[in-house]
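J.: Just a sequence and a predicted model for now, questions to come.
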Number of protein chains: 2
Amino acid sequence: MPERRATATASPNIAFIKYWGNRDPALRLPANASLSMTLSNLQTNTTVLFDDRLEADQIEIDGSPASDKAASRVTKHLDLIRTLSGNPTFANIHSLSNFPAGAGIASSASAFAALTAAASKAAGLELDKKQLSILARRGSGSAARSIFGGFVQLFSGEVNTDGYAEQLAPAEHWHLVNLIAVVTKEHKSIGSSEGHMLAPTSSIQAIRVQDTARRLEICKKAIMQKDFQTLAQIVELDSNLMHSVMMTSDPPILYLEPESISVMKHVTRWREDGLAVCYTIDAGPNVHCICSLEDSPEVERQLRSIDGILDIYRCSPGNGVALAVTNEQSPQ
Amino acid sequence: MPERRATATASPNIAFIKYWGNRDPALRLPANASLSMTLSNLQTNTTVLFDDRLEADQIEIDGSPASDKAASRVTKHLDLIRTLSGNPTFANIHSLSNFPAGAGIASSASAFAALTAAASKAAGLELDKKQLSILARRGSGSAARSIFGGFVQLFSGEVNTDGYAEQLAPAEHWHLVNLIAVVTKEHKSIGSSEGHMLAPTSSIQAIRVQDTARRLEICKKAIMQKDFQTLAQIVELDSNLMHSVMMTSDPPILYLEPESISVMKHVTRWREDGLAVCYTIDAGPNVHCICSLEDSPEVERQLRSIDGILDIYRCSPGNGVALAVTNEQSPQ
């Protein structure tokens, strides 16, 4: 069998209406629908090369061999693609991100979106974006959203084939800025996959899930109408709801760090003082400060005055997954 | 009418199963039952003197005239007592606490417990502890618990007369220690009374209330059996549940400060490392570190190494309200 190679680039996304918990863990069908903005500037670049001389997948992430845990997750995902293509060949995978993994910047979203696009292309599958989204979801729920650019909704899905994302509005629709206040670059102690499993142990999860359609509708409308104040309130509420579920699960998860609380408090004060800014926090301590383009320089300036912020990433609405290289077929 | 004076001393309490929200705000009938430990060392001492020469209540708190807000709350409470005694005389009130007010150390609990006992005695009412508890509840829900010492349960009550507290076990039952890590001495921006009004606006409140009987039973059993690990888990869960309601109310309330999160994280780590300690946080940022007598010196030592802790109060299970002076009748 010929060697086949493809490279794809994908970006993480920040969820405005968050996904937490799976209705079907095996299929990673989310407990609730979600809504996100794909982020510019942050990227994962992944090359997949199927090579019939290999006796196992060889996986390198950010310059080092993948940990057993990460490798087994990637191999499991490649197995899906091998099943679809009917070809059991192992692959060589190189993945490189320009931002820290596992710190609440949805590194698994960009990683599995890029992996899905590169691997399916390299395997000779011709999948449309909806199909890529379904497949990416199997690797990481939020990866389903990173297939698309701009503002994206992920349906929770009843069965595998309706658990996919779609674009609500392209990146150009609203030039929001996401200033990510990085308060730690350490890998979080409880990964999202593990955390999702704990969601049902919180007495809050059921009511959070049940009320999602309402919140999502408010958020969607705020985005379509570019209504920042409404967006701010629903985004912060949704973030607090998810962290409430986390804090009350068994065992509890406290992703927030002291600096997270500090930024949250500053952000709400700045908004009271007239700046168009709100916070949202994924499964990690870093705080995503969503703001208007106009107010973003002032927000950034103020963020820099807060103790304990290690770095600030500036993102805008970004693009969906893209194949960087067309399918190459090397001579046999 | 003769001048009548009485002085009472009461202590705050720390709720293990927390009261948040009222089913009947006018009567301050709590949305859910609660369970607390009355605290030694911290005290409010209140003297009430009914004097028919006065044309209004004169209220001094911690050496200064009471703010309009505090004064009107005290006067409203005295009105209840005046109605019960049938005597409309105004009063002179001096109240002094040995700890900061409004920072999550239940200052209103000790204040209204002491005020209720002193004022009712000065007014010539002979109330038993259950009646004092019902009356104190009208001033501050958690004051109903501070009437009793040791470990105390407050029923939520369907009507005014069954919203009272009772002692589960006396102070001597279990020598727990509460090390209160004071992270701010500022008065909180949203008082408990205001916060209670917001509780129903959180989608989490109904489920928290509904599940209270279960949590309270676990907590009560843990206390009776002196089972620290079970106590620790249910106390931290209950605290996190209340702060979840607060963070998701409209408007949201974030009582936690960066230092609160820091102490919470340290405490759970210390417990993993074998110390008998857990955290609980009332409507404020200060963290109550509940620990065994045996481990309390080590917990205190470790607490002192955390940045941002201004002070540490050490309390044990304390006594209920006590009249300091018998009823005095001055000559007419």
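T.: It's in. It should be emphasised that the depicted structure is a prediction, and the values quoted were computed from it without experimental measurement. Residues are numbered from 1 along each chain as shown, chains lettered A, B, ... in the order given.
J.: Residues of chain A that sit close to chain B?
T.: A:203-204, A:206-208, A:211, A:236-237, A:240-241, A:243-244, A:247-248, A:250, A:252, A:254, A:256-262, A:264-265, A:268 (C-beta under 8 Å from any C-beta of the partner chain). From N, CA and C alone the C-beta is placed, and that goes for glycine too.
J.: Filter the residues you listed down to just the ones in helices.
T.: Counting by DSSP state H, the residues of chain A next to chain B place A:206-208, A:236-237, A:240-241, A:243-244, A:247, A:258-262, A:264-265, A:268 in helices.
J.: and A:Met168, what helix or strand is that in?
T.: If you look again at residue A:168, you'll see it is Leu, not Met. If you go by DSSP states H and E, A:Leu168 is part of strand A:165-169.
J.: returning to what we had before: narrow the ones in helices among the residues of chain A next to chain B to just the buried residues.
T.: Taking 16 or more other C-beta atoms under 10 Å in any protein chain shown as the criterion, what is buried in these is A:207-208, A:236-237, A:240-241, A:243-244, A:247, A:258-262, A:264-265, A:268.
J.: shouldn't A:Pro252 be in contact with B:Asn240?
T.: Yes: taking C-beta atoms under 8 Å as the definition, A:Pro252 is a contact partner of B:Asn240 at 6.2 Å.
J.: where does the stretch 201-332 of chain A have low pLDDT?
T.: Where the stretch 201-332 of chain A drops to pLDDT under 70, the residues are A:325-332.
J.: May I have the phi/psi pair for the nearest residue to A:Leu293 once chain neighbours are set aside?
T.: Among residues not flanking A:Leu293 along the chain, A:His175 sits closest, at 4.5 Å (C-beta to C-beta, 6 or more residues apart in numbering or on different chains). Note on A:His175: its backbone torsions stand at phi -80, psi 70 [degrees, to the nearest 10].
J.: pretty sure A:His175 is in contact with A:Cys291, am I right?
T.: No: with contact defined as C-beta under 8 Å, A:His175 does not count as touching A:Cys291 (10.6 Å).
J.: if you count what's nearby, which of those two comes out ahead?
T.: It is A:Cys291, of A:His175 and A:Cys291, that has more neighbours when counted by other C-beta atoms under 10 Å in any protein chain shown, with 26 against 13.
J.: Helix, strand, or coil at that one?
T.: strand (DSSP: H, G, I helix; E, B strand; the rest coil).
J.: Just give me the neighbour total for the closest residue to A:Asp238 other than its chain neighbours.
T.: Of all residues not flanking A:Asp238 in the chain, A:Ile17 sits nearest, at 5.2 Å (C-beta to C-beta, 6+ apart). A:Ile17 has 27 neighbouring residues, counting by other C-beta under 10 Å.
J.: Show the pLDDT at A:Ile17.
T.: A:Ile17 is assigned 98 on the pLDDT scale.
J.: contacting residues around stretch A:76-85?
T.: The set of residues external to stretch A:76-85 that reach it, using C-beta atoms under 8 Å, 6 or more residues apart in numbering or on different chains, is A:48, A:57, A:88-89, A:91, A:93, A:112, A:115-116, A:119-120, A:123-125, A:135, A:138-139.
J.: Among the residues you listed, name the buried ones.
T.: For these, buried by 16+ other C-beta under 10 Å: A:48, A:57, A:89, A:91, A:93, A:112, A:115-116, A:119-120, A:123-125, A:135, A:138-139.
J.: Out of those, list just those in strands.
T.: Counted as lying in strands by DSSP state E, out of the buried ones among the contacts of stretch A:76-85, are A:48, A:91, A:93.
J.: Compile these into TSV and extend it with columns for distance to B:Asp311 and pLDDT.
T.: Formatted as TSV, these follow (distance: C-beta to C-beta, whole Å; pLDDT from 0 to 100):
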residue	distance to B:Asp311	pLDDT
A:Val48	58	97
A:Ala91	60	97
A:Ile93	55	97
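J.: Specify which member of these is nearest to chain B.
T.: Nearest to chain B out of these is A:Ile93 (C-beta to the nearest C-beta; 35.5 Å).
J.: which one is the closest one nearest to, not counting chain neighbours?
T.: Excluding the flanking residues, the one nearest A:Ile93 by C-beta to C-beta, 6+ apart is A:Ile59, at 4.6 Å.
J.: That neighbour: helix or strand, and which one exactly?
T.: strand A:58-61.
J.: Measure how far that strand is from the centre of its chain, please.
T.: Mean C-alpha position of strand A:58-61 versus that of the full chain (C-alpha atoms, centre = their mean, to the nearest Å) differs by 20 Å.
J.: what's the answer for stretch A:223-233, then?
T.: 21 Å.
J.: and what of stretch A:227-243?
T.: With C-alpha atoms, centre = their mean, you get 18 Å for stretch A:227-243.
J.: what do you get for stretch A:294-313?
T.: Going by C-alpha atoms, centre = their mean, where stretch A:294-313 is centred and where its chain is centred differ by 22 Å.
J.: Any buried residues in it, and which?
T.: Result for stretch A:294-313 [16+ other C-beta under 10 Å]: buried residues A:295-296, A:299-300, A:302-303, A:309, A:313.
J.: Ok, stretch A:171-187 next?
T.: Using 16+ other C-beta under 10 Å as the test for burial, stretch A:171-187 gives A:171, A:174, A:176-184.
J.: hey, where'd the strands end up in the stretch 51-200 of chain A?
T.: Secondary structure of the stretch 51-200 of chain A (DSSP state E, counting those that start in this stretch): strands located at A:58-61, A:64-65, A:91-97, A:151-154, A:165-169, A:176-182.
J.: Right, and chain B sits closest to which residue of the stretch 101-250 of chain A?
T.: Residue nearest to chain B within the stretch 101-250 of chain A (C-beta to the nearest C-beta): A:Ser244, separated by 3.3 Å.
J.: Now that residue: closest residue in space that isn't a chain neighbour?
T.: A:Ser244 sits nearest to B:Ser244 (C-beta to C-beta, 6+ apart), 3.3 Å away.
J.: repeat for A:Arg73
T.: Nearest to A:Arg73 is A:Gly139, by C-beta to C-beta, 6+ apart, at 7.1 Å.
J.: Backbone dihedrals for the closest residue in space to A:Ser40 that isn't next to it in sequence, please?
T.: In this structure, A:Ser40 finds its nearest non-sequential neighbour in A:Gly318, 3.3 Å apart by C-beta to C-beta, 6+ apart. The phi and psi values for A:Gly318, taken as degrees, to the nearest 10, are phi -120, psi -170.
J.: contacting residues for A:Gly318?
T.: Neighbours of A:Gly318 in contact, by C-beta under 8 Å, 6+ apart: A:11, A:38-42, A:149-150, A:171.
J.: Can you lay out those as a markdown table showing distance to B:Leu78 and pLDDT?
T.: Formatted as a markdown table, those follow (distance: C-beta to C-beta, whole Å; pLDDT from 0 to 100):
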| residue | distance to B:Leu78 | pLDDT |
| --- | --- | --- |
| A:Ser11 | 64 | 97 |
| A:Thr38 | 61 | 98 |
| A:Leu39 | 59 | 97 |
| A:Ser40 | 63 | 96 |
| A:Asn41 | 63 | 94 |
| A:Leu42 | 62 | 94 |
| A:Gly149 | 65 | 98 |
| A:Gly150 | 62 | 98 |
| A:Ala171 | 63 | 98 |
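J.: re the thing from before, can you give the strand pairings for the strand holding A:Leu168, parallel or anti for each?
T.: strand A:151-154 (antiparallel) (DSSP bridges).
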